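Colleague: this one's structure only:
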Ligand code: SAH
């Protein structure tokens, strides 16, 4: 009886120890990543106007399992503060840029947010930790489907993923408290400004194919006009146009 009990315990520890160690390692790696993000925020604060990101934004960065959103071959680098390839020629942004863009939106728990460019789904997950509802649209079908699957597996019930061209926004779900665009058009699409609530905010990289892109913060005024502020030079994939089919 005793032998059986001992071996049963041994089996439990054998099956349980490796995953929890890996989880600890990842939690530590995420904590280091958050420290790096905070340092970079301080360095760039003069340009961005945000030398310190909100506590809730930093908590979300420390919580979301970025390794689940990157291809298996990239998992070891998931908590490095740099962009990574996610397949189909697309990239997941550097964590610092994800945190900056999220912070610039001033997310509130009651907000409804639109993301154009779902990619891996990571940015959508960060937002889902902070706001009531996230609508996210991706033009490359396999990416949109994979993101929806991972978000579902991780239990994010407040994210809706659609495959299609996000240039025209998501009319049925508009207006939004904020919009985040994670691919770069040559100019801010008026269709997206139209889908912001008065007082709403949009963060969007803008620049032609051969230009340096600028990360812009667009604020829609009560009278419907928009003001624009530059933050940082950035490099995003272009916002493409098409049917999304
Ligand atoms: N936010 C993503 C990274 C996005 S990379 C993440 O967290 O992983 C930019 C994405 O925008 C790419 O997946 C690209 O396919 C998508 N994209 C480009 N043009 C688009 C358009 N017109 N509508 C929707 N998605 C678009």
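Modeller: Structure received. No experiment lies behind these values; they were computed from the predicted model shown.

Colleague: Which stretches in the protein count as strands?
Modeller: 84-87, 90-92, 112-116, 133-138, 159-163, 176-181, 196-206, 213-220, 226-234 (DSSP state E).

Colleague: for the shortest one, packing partners?
Modeller: Using 3 or more C-beta pairs under 8 Å, 6 or more residues apart in numbering; DSSP states H and E as the contact definition, the elements that strand 90-92 packs against are strand 84-87. Every C-beta, even on glycine, is put in place using the N, C-alpha and C of the backbone.

Colleague: buried stuff in the strand it packs on?
Modeller: 84, 86, 87 (16 or more other C-beta atoms under 10 Å).

Colleague: Mind putting the strands of the chain into TSV with distance to the ligand and mean pLDDT?
Modeller: As requested, the strands of the chain are arranged in TSV below (distance: least, C-beta to the nearest ligand atom, whole Å; pLDDT from 0 to 100):
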stretch	distance to the ligand	mean pLDDT
strand 84-87	6	93
strand 90-92	4	92
strand 112-116	5	98
strand 133-138	5	98
strand 159-163	9	98
strand 176-181	8	98
strand 196-206	10	98
strand 213-220	12	98
strand 226-234	12	97
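
Colleague: could you dump the ones you listed to a markdown table with distance to residue 65?
Modeller: Formatted as a markdown table, the strands of the chain follow (distance: least, C-beta to C-beta, whole Å):
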| stretch | distance to residue 65 |
| --- | --- |
| strand 84-87 | 14 |
| strand 90-92 | 13 |
| strand 112-116 | 18 |
| strand 133-138 | 17 |
| strand 159-163 | 14 |
| strand 176-181 | 20 |
| strand 196-206 | 23 |
| strand 213-220 | 25 |
| strand 226-234 | 25 |
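
Colleague: closest one to residue 169 among those?
Modeller: Nearest to residue 169 among the strands of the chain is strand 112-116; the distance by C-beta to C-beta comes to 6.3 Å.

Colleague: thinking again about what came up before, reformat the buried residues of strand 84-87 as CSV; add distance to residue 75.
Modeller: Shown next, in CSV, are the buried residues of strand 84-87 (distance: C-beta to C-beta, whole Å):
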residue, distance to residue 75
84, 10
86, 12
87, 14
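
Colleague: before we move on, the earlier item: residue 101: which of the strands of the chain is closest?
Modeller: strand 196-206 (4.7 Å).

Colleague: which parts of the closest one are buried?
Modeller: 196, 200, 201, 202, 203, 204, 205, 206.
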